[in-house]
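Undergrad: Make a model of this:
(chains A, B, C and D)
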Number of protein chains: 2
Amino acid sequence: MNKQKKNKLEKKGWKFGSAEEFLGLSEEESAYIELKMKLSANLRKLRTEQKLTQVELAKVIKSSQSRVAKLETGDPSVSLDLLIRSLLALGTSNKDIARAISS
Amino acid sequence: MNKQKKNKLEKKGWKFGSAEEFLGLSEEESAYIELKMKLSANLRKLRTEQKLTQVELAKVIKSSQSRVAKLETGDPSVSLDLLIRSLLALGTSNKDIARAISS
DNA sequence: TAAAGATATGTCAAATATGATATATTATCA
DNA sequence: TGATAATATATCATATTTGACATATCTTTA
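TA: From the prediction side, this is the model:
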């Protein structure tokens, strides 16, 4: 992961270990972030395919529009749990999730 | 998911939506639990393959032995985030995680 | 263009997950 | 067997994530 991408993420609120300050992100950190990004993108894709607004999806997952927006924009405050629960709520199977992660 | 399995999970501390009380778990709920179970099993597999004790793994992921035990036994108090972070800390790639989920 | 619809961002109290600690249970092996 | 190592379970103060709400910034369309 390059410096530019890192700055972009930091601007979004991501925090990185100080040991990585100059060395870039650890394998672990970037894999984790990449994973979330992929699931976020997948969630938005699924929602729009199903012609739902964020407000409508929020109802389905018993959350709020603002949290859906955060899920889809990769806000660091959202958990993998909520991301995956949301995908499952839209009918995604575990296999689909695996595919999204591998892609 | 059958009643017996559900009882077993409930004994472990899992809570299920009341609407599913007699109907069993929703697709979504069981997919989520299945996902966690698979990752839990994978974590234990990886740790033992690498000949680490729970105490040693705890150090690696900056947690405690008790939490590692909970990760591996599928305690409902553990998040997918911590599970996946732990797998990544043990050198698992996103593709490996995808494989574990699909298996 | 303006209005309406949709999405994004910021904040916060409440809910949930966390590491730590203590202790119980289960394996291993002398 | 009994001692020691490993794992499991319980509890709790602290930290993080949550839905809700307000409001800002796009996007669409009339």
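Undergrad: Do stretch A:80-100 and DNA strand D come into contact?
TA: Yes. Using Cβ under 7 Å from any atom of the strand, stretch A:80-100 reaches DNA strand D at A:81, A:82. No exception for glycine: its C-beta is placed from N, CA and C like everyone else's.
Undergrad: chain center to that stretch: distance?
TA: In this view, stretch A:80-100 has its centroid 11 Å away from the chain centroid, taken as Cα atoms, centre = their mean, to the nearest Å.
Undergrad: Can you list the buried residues in the helix or strand bottoming out on mean pLDDT in chain A?
TA: The helix or strand of chain A with the poorest confidence is helix A:3-11; it has a mean of 82 (mean pLDDT, DSSP states H and E). Residues of helix A:3-11 classed as buried: A:6, A:9 (neighbour count, 16 or more other Cβ atoms under 10 Å in any protein chain shown).
Undergrad: Just give me the longest helix of chain A.
TA: Longest helix of chain A, by residue count under DSSP state H: helix A:27-49.
Undergrad: buried residues in that helix?
TA: Buried positions in helix A:27-49, judged by neighbour count with 16+ other Cβ under 10 Å: A:28-33, A:35-36, A:38-40, A:42-44, A:46-47.
Undergrad: What ranges in chain A fall below the confidence cut-off?
TA: Within chain A, the stretches with pLDDT under 70 are A:1, A:18-24.
Undergrad: Tell me the residues of it that contact chain B?
TA: A:27-28, A:31-32, A:34-35, A:38, A:79-81, A:84-85, A:88-89, A:93-95, A:97-99, A:101-102 (Cβ under 8 Å from any Cβ of the partner chain).
Undergrad: Up against DNA strand D, what does chain A have?
TA: Counting by Cβ under 7 Å from any atom of the strand, the residues of chain A that sit close to DNA strand D are A:58, A:61-67, A:76-79, A:81-82.
Undergrad: Export these as a markdown table, with columns for neighbour count, distance to DNA strand C and secondary structure.
TA: Putting the residues of chain A next to DNA strand D into a markdown table (neighbours: other Cβ atoms under 10 Å in any protein chain shown; distance: Cβ to the nearest atom of the strand, whole Å; DSSP: H, G, I helix; E, B strand; the rest coil) gives the following:
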| residue | neighbour count | distance to DNA strand C | secondary structure |
| --- | --- | --- | --- |
| A:58 | 19 | 9 | helix |
| A:61 | 19 | 14 | coil |
| A:62 | 8 | 11 | coil |
| A:63 | 18 | 11 | coil |
| A:64 | 13 | 8 | coil |
| A:65 | 14 | 5 | helix |
| A:66 | 11 | 3 | helix |
| A:67 | 18 | 7 | helix |
| A:76 | 14 | 11 | coil |
| A:77 | 9 | 7 | coil |
| A:78 | 20 | 11 | coil |
| A:79 | 15 | 7 | coil |
| A:81 | 17 | 6 | helix |
| A:82 | 20 | 10 | helix |
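Undergrad: Which members of those residues are the farthest-apart pair?
TA: By the measure Cβ to Cβ, the residues of chain A next to DNA strand D have their two most distant members at A:62 and A:76, which lie 22.0 Å apart.
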